[in-house]
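Peer 1: show me the folded form of this:
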Amino acid sequence: MMEQRPGDEPDPAETDAEQFRQFQEFQRFQEFQQSQRGQDLVPRQPGELEQPPSDEAESTELTGPLRRERRRPPAWLVGLGGKLLTAFLVLIAAIIGVAWAINHFLGGGDAISNEELAGQGGKKAEATVLYASDPYAAVRRVYARIAQPDPETGKPQVGKVCLRFDDAAREQFARNFGHGKCSAAVIALHAEVSHVTRYVQSLPRSVPIDEYDEVAALAPGESFTVDSCAVATGPAGISDGPALGTFTVTKLARAKGQQWLITGHEAGPRTCPAPTTTG
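Peer 2: Predicted coordinates:
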């Protein structure tokens, strides 16, 4: 537009064009505000053609997304978050793996000794009752755990049998039944039990009265022998399953109350001989 000198009259055409341009700019600005607020501030005139957005309007419309783009966390923070999530998932997987390993390997009963069990958690046997309270109960529990399947898995309770022996007795028990591991022996013996209740009830629940004083007089570290066929309560000895031989059971020292651990095993007849009669 030409410079206007004093006294010159403004060109009407230029004035109208400038006013129209300013009006269009103002209208576009209001349309942008309307789109942002959802309100109709200045209605478009009938028959008016929509003008393409100006550079200023485009710049204004880009401000919001650009501003949001700038607010995104930096790449190093995103990377750190991904690493932390990965580490957390790995930790969870490790915990699950350790829990499975404990259940699997302790269940097998071949890797944990009495000394290790007593030493775990500040010697648990000193503060917790882990084993049977008398030698007869210790042997009866072996019979019971061999006969009864795990209520959750339906499988033999390998761990609850093998952990009642120390290392040496566990190996003897497995070998005396023709197996290399206690776990394998338990699985095989479990398959031979035909009636759980009658099999378990073939043994006394606790020390017989005529042996009570002898057992009570034993000091920690001393042992007592339980012969399965000799102490069987049924007329046919051990019924509805295999007799398990002779157990040496030792009274634990430094244990809470009286706790007895199987420390030796000798093979015996799989079927108890018929009792002899006198007459």
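Peer 1: which stretches in this protein count as helices?
Peer 2: Secondary structure of the chain, counting by DSSP state H: helices at 12-37, 55-70, 75-101, 107-108, 114-127, 135-147, 158-162, 167-176, 182-191, 196-200, 209-216, 228-231.
Peer 1: now do the same for Gly97: its pLDDT.
Peer 2: If you check Gly97, the pLDDT there is 72.
Peer 1: please apply the same query to Glu18.
Peer 2: Note on Glu18: pLDDT of 73.
Peer 1: go on, Ile112?
Peer 2: What the model reports as pLDDT for Ile112 is 46.
Peer 1: could you count how many residues lie near Gln34?
Peer 2: A count of nearby residues for Gln34, using other C-beta atoms under 10 Å, gives 14. To be clear about C-beta, it is placed using only N, CA and C from the backbone, and glycine gets the same treatment.
Peer 1: tell me how far it lies from Arg21.
Peer 2: To Arg21, Gln34 is 20 Å away according to C-beta to C-beta, to the nearest Å.
Peer 1: before we move on, what about Glu222?
Peer 2: 112 Å.
Peer 1: now swap in Glu171 and tell me
Peer 2: 102 Å.
Peer 1: again with Ala243
Peer 2: Using C-beta to C-beta, we find Ala243 at a distance of 111 Å from Arg21.
Peer 1: higher neighbour count, these two?
Peer 2: Ala243 (22 against 12).
Peer 1: contacts only, for that one.
Peer 2: The contact partners of Ala243, by C-beta atoms under 8 Å, 6 or more residues apart in numbering, come to Ser228, Cys229, Ala232, Gly237, Gly268, Pro269, Arg270, Thr271, Cys272.
Peer 1: do the same with Lys251
Peer 2: Leu218, Ala219, Pro220, Gly221, Glu222, Ser223, Phe224, Gln258, Gln259, Trp260.
Peer 1: what bridges to it?
Peer 2: Trp260 (DSSP bridges).
Peer 1: kindly state the pLDDT recorded for it?
Peer 2: Residue-level pLDDT assigned to Lys251 equals 94.
Peer 1: state the distance from it to Ala147.
Peer 2: For Lys251, the distance to Ala147 - C-beta to C-beta - is 26 Å.
Peer 1: which regions of this protein sit below the pLDDT cut-off?
Peer 2: 1-16, 36-74, 76-78, 80-81, 98-129, 275-279 (pLDDT under 70).
Peer 1: for Gly245, the count of nearby residues, please.
Peer 2: Around Gly245 there are 20 other residues, counting by other C-beta under 10 Å.
Peer 1: give me the spatial nearest neighbour of it, chain neighbours excluded.
Peer 2: Gly268 (3.7 Å; C-beta to C-beta, 6 or more residues apart in numbering).
Peer 1: give me the buried subset of the contacts of Lys251.
Peer 2: The neighbour count (16 or more other C-beta atoms under 10 Å) marks Leu218, Ser223, Phe224, Gln258, Gln259, Trp260 as buried among these.
Peer 1: what bridges to the third one?
Peer 2: Yep, that's Phe224 we're talking about. With DSSP bridges as the criterion, the beta-bridge partners of Phe224 are Val249.
Peer 1: so it makes contact with Leu218?
Peer 2: Yes: using C-beta atoms under 8 Å, Phe224 makes contact with Leu218 at a distance of 6.3 Å.
Peer 1: one step back: distance to Gln201 for the buried ones among the contacts of Lys251 - can I get that in a markdown table?
Peer 2: Formatted as a markdown table, these follow (distance: C-beta to C-beta, whole Å):
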| residue | distance to Gln201 |
| --- | --- |
| Leu218 | 26 |
| Ser223 | 26 |
| Phe224 | 21 |
| Gln258 | 24 |
| Gln259 | 24 |
| Trp260 | 20 |
